[in-house]
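Trainee: here's my sequence, what's the structure:
(2 chains)
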Amino acid sequence: GAVVSQHPSWVICKSGTSVKIECRSLDFQATTMFWYRQFPKQSLMLMATSNEGSKATYEQGVEKDKFLINHASLTLSTLTVTSAHPEDSSFYICSATSGGPRYNEQFFGPGTRLTVL
Amino acid sequence: ELKVEQNPLFLSMQEGKNYTIYCNYSTTSDRLYWYRQDPGKSLESLFVLLSNGAVKQEGRLMASLDTKARLSTLHITAAVHDLSATYFCAGVLTGTASKLTFGTGTRLQVTL
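Mentor: You can find the predicted model right below:
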């Protein structure tokens, strides 16, 4: 149980285009989903927290107009990188928590590698 | 604000040796997690430590938590090559529900 999927697993796009990444909780309802970004050889940096049906909460320094997050249902959150540029190239990882008895443990997706040319 | 620091950042060790990775955090944390990350992959959950004095073991890895010292350790016993990976600890700032703050990571390389 507690499986989180991401799609696509990797994507290459041209500078200026937008890319959408999906994060799904497959066997539980995710009250909260998190989006992280990881640059090579660095730690994970939290970008935003999203709760179903409400606006995402962005961390300081993350542009909300550039990284659009939608949490339309209890099993799906999407991250759209708008007008992507090469500096947006990174590994994007989502996680989900059910808020259930397992002390709000986060379950991580497999990640999406974005390369912007 | 919770800050989490790990040391060392990089560790090269021979198979069969023991070593410890340290994770210090700056303020009260509800719980402490340890994760493993292989190159190009996402995170694999190893341990969650919930209270002072907690100790958990799985195979050659053992994690402990000292909340008074704000310190968690990940001890590796008789390392094998398969343990080569990057290890992260992460804390949860009290009152912030599930929001994780990750440490810098420790890249472990076990040589034959």
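
Trainee: the chain: strands as residue ranges?
Mentor: No chain in the question, so chain A it is. A:4-7, A:10-13, A:19-25, A:32-38, A:44-51, A:57-58, A:67-73, A:76-81, A:90-97, A:107-108, A:112-116 (DSSP state E).

Trainee: that answer is for a different chain, and I need it for chain B
Mentor: Using DSSP E, strands in chain B cover B:4-7, B:10-14, B:19-25, B:29-37, B:43-49, B:55-58, B:61-66, B:71-76, B:85-93, B:100-102, B:106-111.

Trainee: give the partner strands of the first one in its sheet and their orientations.
Mentor: The reference is to strand B:4-7. strand B:19-25 (antiparallel) (DSSP bridges).

Trainee: please apply the same query to the shortest one.
Mentor: According to DSSP bridges, the neighbouring strands of strand B:100-102, each with its direction, are strand B:85-93 (antiparallel).

Trainee: next, the angle from the strand it pairs with to strand B:71-76.
Mentor: 160 degrees (axes from the mean of the first three to the mean of the last three Cα atoms, to 10 degrees).

Trainee: what sits up against strand B:85-93?
Mentor: If you take Cβ atoms under 8 Å, 6 or more residues apart in numbering or on different chains as the criterion, strand B:85-93 is touched by A:43-44, B:1-2, B:4, B:6, B:21, B:23, B:25, B:27-38, B:43, B:46, B:72, B:74, B:98-103, B:105-108. Backbone N, C-alpha and C define where each C-beta goes, glycine included.

Trainee: now do that strand against strand B:10-14, angle only.
Mentor: 130 degrees.

Trainee: chain center to strand B:85-93: distance?
Mentor: Centroid separation for strand B:85-93 versus its chain: 5 Å, with Cα atoms, centre = their mean, to the nearest Å.

Trainee: pLDDT of that strand, averaged?
Mentor: In this model, strand B:85-93 has an average pLDDT of 94.

Trainee: can you check stretch B:102-112 too?
Mentor: pLDDT averaged over stretch B:102-112 gives 95.

Trainee: restricting to C-alpha, output it in PDB.
Mentor: Provided in PDB are the C-alpha atoms of stretch B:102-112 (Å, rounded to 0.1, in the frame of the first residue of the first chain):
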ATOM      1  CA  PHE B 102      15.900  17.700   4.900                       C
ATOM      2  CA  GLY B 103      19.500  17.500   5.800                       C
ATOM      3  CA  THR B 104      22.200  18.100   3.400                       C
ATOM      4  CA  GLY B 105      22.700  14.400   2.700                       C
ATOM      5  CA  THR B 106      25.600  12.000   3.100                       C
ATOM      6  CA  ARG B 107      26.900  10.300   0.000                       C
ATOM      7  CA  LEU B 108      28.200   6.900   1.100                       C
ATOM      8  CA  GLN B 109      30.600   5.000  -1.100                       C
ATOM      9  CA  VAL B 110      31.500   1.500   0.000                       C
ATOM     10  CA  THR B 111      34.600   0.200  -1.800                       C
ATOM     11  CA  LEU B 112      35.500  -3.400  -2.200                       C
END
